[in-house]
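K.L.:
sequence plus the predicted model coming up.
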Amino acid sequence: MAKLAGPLEIYPLLPGTNCKVCGEANCMAFATKMAEYTVKLRDCTPLYEEEQYAKKRVKLEELIRPPVREVTFGTGEKAVSIGGKLVLYRHDLRYTNPTAFFIDISDALDADAFAKRVRDIEEWTYVYIGQNLRLDGIALRGVSKDPQTFAKAAKKLVELTDWPIMLCSLDPKMLSAAANAIADKKPLLYAATLDTWSEVGEIAAKHGLPLVAYVPGNLNDLASLANTLQAMGIHDIVLDPGTLSRSGLGTTIDCFTQLRRAATVKDNDVIGYPLLSTPISVWADYREGEAPELTKWDEVLTAASMIVRYSDIVVLHSLDMWTNLPLTFLRSNLYTDPVKPVAVEPGLVKFGDATSDSPVMYTTNFALTYFTVESDIKQGNVDTWLLVVDTEGMSVQSAVAGRKLTADKVAEAIQEYDVEEKVNHRILISPGMAARISGETEESSGWTVKVGPRDSSGIPKYLQEKKWQEE
Amino acid sequence: MTEQEKKTTLDEMFGEFAELVLENVTIELDELKIALRPMIQQVAAQVAKPALSLPKSLIPAKFEPPFGDYSTKIHEVTIGATKGEGGTRSNSVTIGGHEAPAWDLFQSPPKHPPIIAADVFDMKISLAKAVKTHYKEVMEDPAEWAKLCVNKFGADVITLHLISTDRQLKDTSPNEAAKTIEEVLQAVKVPLLIGSAGDPEKDGPVLVKAAEVCEGERTLLCSATVDVYEPIAEAAKKHDQVVLSWTSLDINQQKELNRRLIDWLRPEQIVIDPTTAALGYGLEYAFTMMQRMRLAGLLGDSELQYPISSGTTNAWAAREAWLKDESLGPRELRGPIWESVTALALLLAGNDLFMMMHPAAIKTVHDLIDWMKERKPVKADDYPDWTAMALPEGV
């Protein structure tokens, strides 16, 4: 892995006044956190406000610049930042800026279909461990091949949405017309090629817009194109080495892997930019009359490969729940901070107005398990006690198999968290996945154990039907 | 253009680095940064002149493939044995042997492409509806079940899970379980993997018996754990079988168990399994464990130089895979894509052996391995212009 700047390299470039404006105890503490990228350089306000530090600031900015530059586009709260990657593997530190999902819209759609498509993109959502999974932006495609139609559609789009926009056409005239129309919304331009770099580069430079460099399947040429665009004064560059599915998937994964590895491990600065992939390309294989599900299936596989293999932004056509749910989940998983604790605090948690007559359930202290159970209990709006047993941060199924969740541990938790003082009864509801240890748990704890649902989505129904009180 | 103007322009473009080039400043910190970002100076040199006016032609840059240095290989492990090899299988399969991180094709393609084992159970079990549909005819007959997986669903190997031996289920004796093993060995000719029930009292005796009846077949015994490993390792040594070393998302525990197993076994007799959590429910732990294990193995950690296995069927633990909820789309698609994406992430992380269930997911992962295992030259024209394609809308 590339060597990121250490605290001892950062510290000499800070003001060194220990002014605490950043919220840290002193400059060394700030330098330490800066080296882990858990604070922003901007938090050191004197560095930006006082002229005497200007030179140090410039040096610092260069020193801490991620090996993959960050590119931001769109405006306001919805603006999206991509790239800014520090490492090749998530276990080396963490991945920053989750892959942005851009869904296409055609400029050839009629007004109603156009508006509906925008709405559908904006409204796609799913609640996952307490957060709303969403898509990130809209990719306007120049299907009409008419610059005026394309520009009009771009204008229409900014009326309908404040989401970030990507303008997509390989024809410089199309890009010029649309960029003129909505430059103030800071769209991402797609794309400059080996044939069009001069014209498209000028458009990007003129409006100060971020630009995608697209050269399919040839990394030397892609590096040359990026090099040239940078020489034109364009610094917000995104690289697209081309996306192929099916028998071309190996080549595609290889290109993305080489680019990211070269940037992060070999410090190749020429290609140290965010990467864009286009799983939407799979639709080129779609034939009218075929079931679209097969093409969607391919799109999911291609997109999943690219999310794992370093794509900072993906362009998709499918907007179904079954296609985008696994993809947004995958993104969430891989972009989780690997040093984030796996476990929550064990203990007894009260939900709603739980009383001494309320049921007692137990679960493990694996964060994902706990939050899933918590969200199910809250959604069901039921009054209950939840005993969180310390399984060293392991899920129910794994903890039972790995002997981290045993009858003795459950019995100990009942004692340790004074459950017998909180309720009148002695009935414990076990997760369905822990049915194996229910008999032993009765022996070690002296409580009656009822086996609850195998999946916690069944908890509200289970409790409402008072199944735990049945003989 | 004067020298002063030129300098200003470069300063704007490259900040301190232009300064370095022009003023030849040498302070320690800057030297360090030059070491960090060797390309910068090169870029500065390359673009210095054209930057002053619009480039008239492409400014060439060479891209060097980012080869890594790996000191050791992952061990090769062979499962199954043909008549010539002392068994009765029609073929054997070999996994591992890798010399580079997974799918770094530019460096080295996978030595042996990953394989898929279909799960077969020795008794009827509860399954998600989308899975059950495909197996309901054979759920009480493991031999027929195995045949279906091989003949119709294309499984490379079969894992026979002897879950009925669990004291809380049917408490089937090791001798009875051995009969089932023999039936399945008769029914299919692909290599066989044997899974125990996860009952700490029974797993040892069951797998010891399995090692005995599979004499010569080079079967994979699933699994040795930190709690139960001695009898399994001993039986594997005696009957020349392979052992799955299974731990719970803990790399140190994995190393510890492997260290103990090696007292009985040769490296070619160990496959490791760090536990697979489902997409959305901890997949990242499995993903990162596998990635770290593969890298450690390549960089000389002898305790992690083994091929990796995944219980990918665990993907179905995610409710989104099976929940009956129309708003999430048809579960006939949702379930198998869940298993497929779980597998795909782990495939890219470096997994070698997938234990799977849904036929569409099995087919998908076979396809993916086939598509990914080599680079194929593609002409620029073969990349479609997706920006201008007319696509089906609202389907």
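P.N.:
Received it, and whenever you're ready, just let me know what you need.
K.L.:
alpha carbons only for contacts and neighbour counts from here, please
P.N.:
OK.
K.L.:
what about the helices in the stretch 101-250 of chain B?
P.N.:
For the stretch 101-250 of chain B, applying DSSP state H, counting those that start in this stretch gives helices covering B:129-135, B:142-147, B:174-187, B:203-213, B:230-239.
K.L.:
next up, the contacts around the residue nearest in space to the middle of chain B.
P.N.:
The centre of chain B sits closest to B:N351, judged by Cα atoms, centre = their mean, with a distance of 1.5 Å. Counting by Cα atoms under 8 Å, 6 or more residues apart in numbering or on different chains, B:N351 touches B:114, B:290, B:307-310.
K.L.:
do the same with A:S224
P.N.:
By Cα under 8 Å, 6+ apart, the contact list for A:S224 reads B:58-62.
K.L.:
where do the helices sit along the stretch 51-200 of chain A?
P.N.:
Going by DSSP H, counting those that start in this stretch, the stretch 51-200 of chain A shows helices at A:54-64, A:111-123, A:147-160, A:172-182, A:197-207.
K.L.:
who's in contact with the second one?
P.N.:
The list of residues contacting helix A:111-123 from outside it, by Cα under 8 Å, 6+ apart, reads A:103, A:105-107, A:134-135, A:138, A:157, A:160-161, A:319.
K.L.:
buried subset of the residues you listed as a PyMOL selection?
P.N.:
Buried residues among the contacts of helix A:111-123 (16 or more other Cα atoms under 10 Å in any protein chain shown), as a PyMOL selection:
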select buried, chain A and resi 103+105+106+107+134+135+138+157+319
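K.L.:
let's have the contacts of helix A:111-123 in JSON lines, adding distance to chain B and pLDDT.
P.N.:
Shown next, in JSON lines, are these (distance: Cα to the nearest Cα, whole Å; pLDDT from 0 to 100):
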{"residue": "A:I103", "distance to chain B": "12", "pLDDT": "98"}
{"residue": "A:I105", "distance to chain B": "9", "pLDDT": "98"}
{"residue": "A:S106", "distance to chain B": "8", "pLDDT": "98"}
{"residue": "A:D107", "distance to chain B": "10", "pLDDT": "98"}
{"residue": "A:R134", "distance to chain B": "14", "pLDDT": "97"}
{"residue": "A:L135", "distance to chain B": "16", "pLDDT": "98"}
{"residue": "A:I138", "distance to chain B": "13", "pLDDT": "98"}
{"residue": "A:L157", "distance to chain B": "17", "pLDDT": "98"}
{"residue": "A:L160", "distance to chain B": "19", "pLDDT": "98"}
{"residue": "A:T161", "distance to chain B": "19", "pLDDT": "98"}
{"residue": "A:L319", "distance to chain B": "9", "pLDDT": "97"}
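K.L.:
tell me the two of the contacts of helix A:111-123 that are most distant?
P.N.:
Spatially, the most separated pair among the contacts of helix A:111-123 is A:D107 and A:R134, at 23.1 Å (Cα to Cα).
K.L.:
interface residues of the stretch 51-200 of chain B facing chain A?
P.N.:
B:51, B:53-55, B:58-66, B:103-106, B:168, B:198 (Cα under 8 Å from any Cα of the partner chain).
K.L.:
buried among those residues? Need that as a selection in ChimeraX.
P.N.:
Only the buried entries of those go into this ChimeraX selection, using 16+ other Cα under 10 Å:
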select /B:51,54,55,58,59,60,61,63,65,66,103,104,105,106,198
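K.L.:
number of residues surrounding residue 231?
P.N.:
Just going to use chain A. For A:A231, the neighbour count with other Cα atoms under 10 Å in any protein chain shown is 25.
K.L.:
should've been chain B
P.N.:
Applying other Cα under 10 Å, we find 15 residues neighbouring B:P231.
K.L.:
measure it to A:V388 for me?
P.N.:
From B:P231 across to A:V388, the span is 35 Å (Cα to Cα, to the nearest Å).
K.L.:
same check, this time on A:S311
P.N.:
Applying Cα to Cα to A:S311 and A:V388 gives a distance of 38 Å.
K.L.:
more neighbours: which of those two?
P.N.:
Set side by side, A:S311 and A:V388 show more neighbours around A:S311, with 27 against 23, by other Cα under 10 Å.
K.L.:
look up which helix or strand that one falls in, please.
P.N.:
For A:S311, there is no helix or strand it lies in under DSSP states H and E.
K.L.:
got the phi and psi for the nearest residue to it once chain neighbours are set aside?
P.N.:
In space, and not counting its chain neighbours, A:S311 is closest to A:L275: 5.1 Å by Cα to Cα, 6 or more residues apart in numbering or on different chains. Phi and psi for A:L275, reported as degrees, to the nearest 10, are phi -110, psi 140.
K.L.:
check B:P330 too.
P.N.:
phi -60, psi 130.
K.L.:
for the stretch 201-350 of chain A, which segments count as helices?
P.N.:
For the stretch 201-350 of chain A, applying DSSP H, counting those that start in this stretch gives helices covering A:219-231, A:249-264, A:292-308, A:321-334.
K.L.:
how long is stretch A:387-400 from one end to the other?
P.N.:
With Cα to Cα as the measure, the ends of stretch A:387-400 fall 16 Å from one another.
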